[in-house]
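Participant: kindly generate the corresponding structure for this input.
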Amino acid sequence: MEFSLATNIERITNAIRNAEIAHGRYQDTVTLVAASKNVAAADIQAAIDLGLRIFGENRVQEVVAKWTDLRAANPGVALHLIGPLQSNKARQAVALFDVIESVDRTKLAQEIAEEAEKQGRNPTVNIQVNIGNEPQKSGVLPADTPSLIEACRNVYHLNVQGLMCIPPAGQDPSSYFLLLKSIAADHGLPILSMGMSADFAQAIAHGATHVRVGSAIFGDREPVVQ
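Facilitator: Purely as a prediction, here's the structure:
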């Protein structure tokens, strides 16, 4: 990969800190999730060696292939699932991930709850909201989000801590970030996972607690050949 990983990480971490200051946020209240989809294990290890400790992956099968050795070699590194999750992959997801950010339906919530009980694990859960009502995207619609939060909490007893969204491409994301923040506040959810490489500074301005940055750290990526 032809890029300076160290330079990219320094630039992004500085940009996050500067955005915190610019918008009156306390320092280190925004968590960087390094989105490592299609990033080779060697490059992830290099990022860990440079200080990154939280990574986001989109696919369960890619994590199985890449992260078995990485996790064994790097205790304390956390994994977030930031891509869509099929119900039949819930068992693996509960075993592999510390945070599942893409819960968007009750069937999936039920499967995660059952697997968490079987495995004696308690992953943090974020509800993925289809904030722009886009038919091609995963996520629960904003209007249906309160009922899903209620079910996850009181029916399935999941450790629901926040909301996640991906605003529509090519639009100013500010109104979408504000809507997600409002829904989270209405339900006492402390985590707002919003903002990626192109818009994380705006997300921080509107209350993001976690930003998912991939290409600005790792550059453009092709699928990893395992």
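Participant: per-residue confidence at the spatially most central residue of the chain?
Facilitator: Centroid-nearest residue in the chain: I82, 4.3 Å away (criterion: Cα atoms, centre = their mean). Reported pLDDT at I82 in the predicted model: 98.
Participant: swap in the one 10 residues further on?
Facilitator: According to the per-residue confidence, Q92 scores 97 in pLDDT.
Participant: neighbours around it, how many?
Facilitator: The tally of other residues near Q92 (other Cβ atoms under 10 Å) stands at 16. Heads up, the C-betas are built off the backbone N, CA and C, glycines and all.
Participant: helix/strand/coil for it?
Facilitator: Under the three-state scheme (DSSP: H, G, I helix; E, B strand; the rest coil), Q92 adopts helix.
Participant: residue ranges for the strands of the protein, please.
Facilitator: Ranges of strands in the chain, per DSSP state E, are 31-35, 54-57, 78-81, 99-103, 124-129, 159-165, 191-193, 210-213.
Participant: make TSV from those and add distance to I9 to it.
Facilitator: Converted to TSV, the strands of the chain look like this (distance: least, Cβ to Cβ, whole Å):
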stretch	distance to I9
strand 31-35	8
strand 54-57	12
strand 78-81	17
strand 99-103	21
strand 124-129	24
strand 159-165	22
strand 191-193	20
strand 210-213	10
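Participant: was I right to think L52 contacts I9?
Facilitator: Yes - applying Cβ atoms under 8 Å as the test, L52 and I9 come out as touching, 6.6 Å apart.
Participant: about what we covered before: contacting residues around the residue nearest to the centre of the chain?
Facilitator: With contact taken as Cβ atoms under 8 Å, 6 or more residues apart in numbering, I82 is in contact with V33, A35, G56, E57, N58, E101, S102, M164, S193, R212.
Participant: buried among those? Need that as a selection in PyMOL.
Facilitator: Filtering the contacts of I82 down to the buried ones (16 or more other Cβ atoms under 10 Å) takes a single PyMOL command:
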select buried, resi 33+35+56+57+58+101+102+164+193+212
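Participant: longest helix in the chain, by residue count?
Facilitator: Ranked by number of residues, the top helix in the chain under DSSP state H is helix 5-22.
Participant: which secondary structure elements does that one sit against?
Facilitator: Helix 5-22 is packed against strand 31-35, helix 41-49, helix 200-205, helix 215-218, with contacts defined by 3 or more Cβ pairs under 8 Å, 6 or more residues apart in numbering; DSSP states H and E.
Participant: okay, the angle between it and helix 41-49?
Facilitator: For helix 5-22 against helix 41-49, the angle by axes from the mean of the first three to the mean of the last three Cα atoms, to 10 degrees is 50 degrees.
Participant: show me the shaky parts of the chain.
Facilitator: Along the chain, the model assigns pLDDT under 70 to residues 1-3, 221-226.
Participant: quick one on the thing from earlier: closest to E117 out of the helices and strands packed on helix 5-22?
Facilitator: Nearest of the helices and strands packed on helix 5-22 to E117, taken as Cβ to Cβ: strand 31-35 at 26.5 Å.
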